[in-house]
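S.K.: Sharing a model that was predicted from the sequence below.
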Amino acid sequence: MKAIVLKGFGGPEVLHIEERPMPVAGAGELLVKTYATGMNRADLLQRLGKYPAPLGASDILGLEIAGEVVACGPEVKHYKPGDRIFGLVSGGGYAEYCLVDQGLALPIPDSWSYTDASAVMESFVTANETVLELGGVSSGDCILIHAGGSGVGTAGIQMARAIGATVWITAGSEEKIQKTLALGAHGGINYKIQDFVSIMQEVTKGQGVDIIEDFIGAGYFDKNLSLLKPGGRLIQVGLLRGNRVELDLRLLMDKHIQIKGFILRKRSIEEKRAMVQRFAKRWMPALEQGILKPVVDAIFPVSMVQDGHRHMESNLNFGKVILSWMG
């Protein structure tokens with residue numbers, strides 16, 4: 001099979017297509033012919049040598065795929081060859097064929113394309129776990145989502161709005177802000193030219209926000225804490241501007257703030273299965289009905305994978321960037 005592999009670490013030029021042996025399905029695994037792969041920031045970090053694959057995972061990039069089942073392991077019960085599925089993987093998604101644990105796969109609704117399906121799993125599972133499970137968002141809450149134009153951000157906006165929360169976002173352009181408003185955000189802040197702390201203090205009349213979902217890390221840490229209400233929750237999902245911070249513990253005690261972290265890829269297979277089921281039970285009906293929608297920014301053929309990475313690195317995308325194995 002063809003696979004996109006790393007020839008060292010560095011820029012997009014280290015991505016190359018080569019032949020790899022076809023994987024063989026284990027006891028509870030599906031062998032899937034890949035038609036579309038969702039690209040993620042983790043792929044860029046792994047390419048740079050900053051985010052190694054977990055022990056035992058494929059060294060091939062790619063954390064989510066959509067395709068057709070071509071073979072099943074002996075313990076697979078709910079799928080058969082020919083089924084269309086989308087699934088979560090710990091690696092191997094940048095290849096013509098990929099192994100997916102049956103507990104991390106879901107059937108693709110008839111009305112969805114493979115492209116639609118490949119844009120869902122990583123973003124919506126992460127958003128459900130961070131905004132709802134860890135953040136505990138409820139009707140009437142005010143939530144601030146940084147990187148509102150990301151895949152997780154666009155999913156989180158829709159989920160929080162569906163729950164009845166007031167949703168504000170930060171993004172790097174007016175165009176992205178307008179697109180988040182169309183998804184249901186109540187307001188947006190251009191972090192390049194505006195101070196999100198002062199704006200949110202004004203919007204909330206000095207009360208602050210209940211929940212912040214942050215992908216930035218050290219660059220925003222103090223600002224985020226200053227914005228949280230007593231009992232507020234900071235959900236740390238990324239570290240784009242560093243991971244080292246200083247913290248005055250009295251602030252946590254005085255405001256009884258909660259700080260919670262989340263990385264999907266490093267969780268156990270059992271935890272991931274539970275996350276997928278929580279997401280499916282809570283949100284798949286709304287997704288199938290079109291109440292919530294995956295947001296696809298761009299589709300790159302396999303031959304242009306380097307350009308896809310450059311597109312993401314330039315922060316031009318709003319929503320998901322997809323790698324297509326079709327055609």
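M.R.: Okay, I see it. Residues are numbered from 1 along each chain as shown.

S.K.: drop to CA atoms for contacts and neighbour counts, all remaining ones
M.R.: OK.

S.K.: What is the burial count for M304?
M.R.: Neighbourhood size, M304 [other CA atoms under 10 Å]: 12.

S.K.: do you know how far it is from A119?
M.R.: 18 Å (CA to CA, to the nearest Å).

S.K.: Quick check: pLDDT value at L104.
M.R.: Note on L104: pLDDT of 98.

S.K.: Just the helices from this structure, written as ranges.
M.R.: 41-47, 114-118, 121-127, 151-163, 174-183, 196-203, 221-227, 249-255, 269-288, 305-313 (DSSP state H).

S.K.: Now the weakest link among those, please, by mean pLDDT.
M.R.: helix 249-255 (a mean of 91).

S.K.: Just the buried residues of that one, please?
M.R.: L252 (16 or more other CA atoms under 10 Å).

S.K.: Which secondary structure elements does that helix sit against?
M.R.: strand 228-236 (3 or more CA pairs under 8 Å, 6 or more residues apart in numbering; DSSP states H and E).

S.K.: residues in contact with the strand it packs on?
M.R.: 130-131, 134-135, 207-215, 217, 224-225, 254-262 (CA atoms under 8 Å, 6 or more residues apart in numbering).

S.K.: Report the central residue of this structure.
M.R.: S123 (3.0 Å; CA atoms, centre = their mean).

S.K.: Relative to I263, how far out is the closest residue in space to that residue that isn't next to it in sequence?
M.R.: Spatial nearest neighbour of S123, excluding adjacent residues (CA to CA, 6 or more residues apart in numbering): V152 at 4.4 Å. Computed with CA to CA, the distance linking V152 and I263 is 12 Å.

S.K.: swap in E288?
M.R.: For E288 relative to I263 (CA to CA), the value is 27 Å.

S.K.: same deal with H311?
M.R.: The value you get for H311 to I263, if CA to CA is used, is 23 Å.

S.K.: repeat for S58
M.R.: From S58 to I263 the distance is 18 Å (CA to CA).

S.K.: Which one of these two is surrounded by more residues?
M.R.: For S58 versus I263, neighbours defined as other CA under 10 Å are more numerous around S58 (16 against 11).

S.K.: Contacts only, for Q258.
M.R.: G231, G232, R233, L234, L252.

S.K.: I would like a ChimeraX command selecting only the buried ones among those residues, please.
M.R.: Filtering the contacts of Q258 down to the buried ones (16+ other CA under 10 Å) takes a single ChimeraX command:
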select :232,233,234,252
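
S.K.: need the contacts of Q258 in JSON lines with distance to K272, can you?
M.R.: Formatted as JSON lines, the contacts of Q258 follow (distance: CA to CA, whole Å):
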{"residue": "G231", "distance to K272": "28"}
{"residue": "G232", "distance to K272": "26"}
{"residue": "R233", "distance to K272": "23"}
{"residue": "L234", "distance to K272": "22"}
{"residue": "L252", "distance to K272": "30"}
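
S.K.: quick one, what contacts the nearest residue to I143 once chain neighbours are set aside?
M.R.: Leaving aside its chain neighbours, I143 sits nearest to I211 (4.7 Å; criterion: CA to CA, 6+ apart). By CA under 8 Å, 6+ apart, the residues touching I211 are G135, V137, D141, C142, I143, L144, L228, G232, R233, L234, I235.

S.K.: Return the set of residues that bridge with I211.
M.R.: Taking DSSP bridges as the rule, I211 bridges to I143, R233.

S.K.: Against V76, how distant is it?
M.R.: 40 Å.

S.K.: S150 too?
M.R.: Taking CA to CA, one finds S150 at 34 Å from V76.

S.K.: So for the two, which sits in the more crowded spot?
M.R.: Higher neighbour count among S150 and V76: S150, with 26 against 18, using other CA under 10 Å.

S.K.: Among the contacts of strand 228-236, which are located in strands?
M.R.: V209, D210, I211, I212, E213, D214, Q258, I259, K260, G261 (DSSP state E).

S.K.: ok, of these, which come out buried?
M.R.: V209, D210, I211, I212, E213, D214, Q258.

S.K.: Now tabulate the residues you listed in CSV and tack on distance to N315 and pLDDT.
M.R.: Listed next are these as CSV, based on distance: CA to CA, whole Å; pLDDT from 0 to 100:
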residue, distance to N315, pLDDT
V209, 26, 98
D210, 27, 98
I211, 24, 98
I212, 21, 98
E213, 18, 98
D214, 16, 98
Q258, 30, 97
